[in-house]
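A.B. asks: Structural data only, the sequence is not supplied:
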């Protein structure tokens, strides 16, 4: 347990040492060869390392990841957890190119599920494995189940791709249209336009590319594709105009990239903050500015602070905000706002943890881990918010969030007592 906790502490640092984490997990296993959770976490670490490796090194990390996941399943006694281990194993098999094994593991994970939580993703993943085998009929059956369970745009887009691969353009267009309706962004309409073009419905393709351009006026690819459709219909004048616009936008894009690479850290931060202040801002653009600023000056606190806010706004349940805000504080950004947002980030994690403890169908051992995690999150949230109040005694929002945290903790004490009795 001590080695596991040391690995967890290292993992929560802003720049964790992955080799150290792995060594701690391996030490924990050497002392307890049946430590299921450590095998699972070790498999995750090796799989993560494989994403940044190539060739034989990547294969080596994936083999170690697979071996760890298989050990977790071998020693596991909690049937509720087993489905998660098979899901991770399926992913590792897939990355390694073992498609049949990936299918078998994913099907096992589906069989073990007693509820629909996450089931759409399993069907989506299984559908993609059959796509890799070229079995598009089976893929479509599975992707339709994913759509039924979770009618989100990316599931419809995957279904559209499978239909297109079979040459069924009518159903492919229906699926891609649904994806574009659910997520009306330029890229989705550009993809739909390309399918119309491939099906030789150039009139619909042109109308769809116009919609894509309406949403993303700087998309030179959409202009180029639209020009191609005009040319195929014999409208050379409009084709030339579209190609010319695509060329101009490409030059502007290249120039912007050149200017971007010359921006100072101060200019990059200003551009990020300006974009962040817009009513409909682009989080990806904010991240791009701030990542470049951090790359140029890693020890400058301001871009870490704004990156934390961007994470918090874009993905509030993740740890990205906490790591960036703690890094900003470490680099000397010491005011009430940074501590408030740090406390708010821990508070959101606390809500997520509370949900898992009360409603997630998991075993008592995992629930106890969530209990420990809740206590840590509670302490960190209270510490950050008290610091914000210390620096600015009239910081109203800090008092509001702190009050709600104490309210949650009071309710939670009752739940914690229940779990002790269950154990």
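C.D. replies: Perfect, thanks for sending it. If you're wondering where the values come from, they're calculated on a predicted model, not measured in any experiment.

A.B. asks: Sketch out the low-pLDDT regions of the protein for me.
C.D. replies: 1, 14, 114-117, 317-318, 354-373, 411-423 (pLDDT under 70).

A.B. asks: which stretches of the stretch 251-400 of the chain form helices?
C.D. replies: Secondary structure of the stretch 251-400 of the chain, counting by DSSP state H, counting those that start in this stretch: helices at 265-276, 283-296, 301-314, 320-330, 336-359, 364-391, 396-422.

A.B. asks: Any idea which of the ones you listed gets closest to residue 72?
C.D. replies: Among the helices of the stretch 251-400 of the chain, helix 364-391 comes nearest to residue 72, with 12.8 Å by CB to CB. For every residue, glycine as well, the C-beta is placed using N, CA and C.

A.B. asks: Distance check, residue 215 against residue 208.
C.D. replies: 11 Å (CB to CB, to the nearest Å).

A.B. asks: what do the two both touch?
C.D. replies: residue 189 (CB atoms under 8 Å, 6 or more residues apart in numbering).

A.B. asks: Out of these two, name the residue with the larger neighbour count.
C.D. replies: residue 208 (29 against 16; other CB atoms under 10 Å).

A.B. asks: how close does residue 162 get to residue 179?
C.D. replies: For residue 162 relative to residue 179 (CB to CB), the value is 13 Å.

A.B. asks: now residue 62
C.D. replies: Using CB to CB, we find residue 62 at a distance of 31 Å from residue 179.

A.B. asks: same thing with residue 68?
C.D. replies: Separation of residue 68 from residue 179 (CB to CB) stands at 36 Å.

A.B. asks: wait, what's in contact with residue 222?
C.D. replies: 186, 189, 190, 193, 209, 212, 213, 216.

A.B. asks: now, which of these lie within helices?
C.D. replies: 186, 189, 190, 193, 209, 212, 213 (DSSP state H).

A.B. asks: what would those residues look like in TSV with neighbour count and distance to residue 101?
C.D. replies: Formatted as TSV, the ones in helices among the contacts of residue 222 follow (neighbours: other CB atoms under 10 Å; distance: CB to CB, whole Å):
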residue	neighbour count	distance to residue 101
186	20	38
189	27	38
190	22	36
193	28	38
209	30	42
212	27	40
213	22	44
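
A.B. asks: tell me which of those residues is nearest to residue 226?
C.D. replies: Among these, and counting by CB to CB, the member closest to residue 226 is residue 209, at 3.9 Å.

A.B. asks: Next up, the contacts around the closest one.
C.D. replies: Contact analysis of residue 209 by CB under 8 Å, 6+ apart lists 189, 190, 193, 222, 223, 225, 226, 229.

A.B. asks: got the helices of the stretch 251-400 of the chain as a markdown table, with distance to residue 13 columns?
C.D. replies: A markdown table is the format used below for these (distance: least, CB to CB, whole Å):
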| stretch | distance to residue 13 |
| --- | --- |
| helix 265-276 | 24 |
| helix 283-296 | 16 |
| helix 301-314 | 14 |
| helix 320-330 | 8 |
| helix 336-359 | 15 |
| helix 364-391 | 14 |
| helix 396-422 | 24 |
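
A.B. asks: For residue 198, which of those is the nearest?
C.D. replies: Residue 198 sits nearest to helix 283-296 of all the helices of the stretch 251-400 of the chain, at 28.0 Å, using CB to CB.

A.B. asks: Could you pull out the buried residues of the closest one?
C.D. replies: 286, 287, 288, 289, 290, 292, 293, 294 (16 or more other CB atoms under 10 Å).

A.B. asks: So what touches that helix?
C.D. replies: In contact with helix 283-296 (CB under 8 Å, 6+ apart) are residues 260, 263-265, 268-269, 271-272, 275-276, 300, 302-304, 306-307, 310, 313-314.

A.B. asks: Name only those of these that count as buried.
C.D. replies: 263, 265, 268-269, 271-272, 275-276, 300, 302-304, 306-307, 310.

A.B. asks: returning to what we had before: what's the closest of the contacts of residue 209 to residue 99?
C.D. replies: Among the contacts of residue 209, residue 190 lies closest to residue 99 (CB to CB), at 29.8 Å.

A.B. asks: Quick check: closest non-adjacent residue to that closest one.
C.D. replies: residue 212 (4.4 Å; CB to CB, 6 or more residues apart in numbering).
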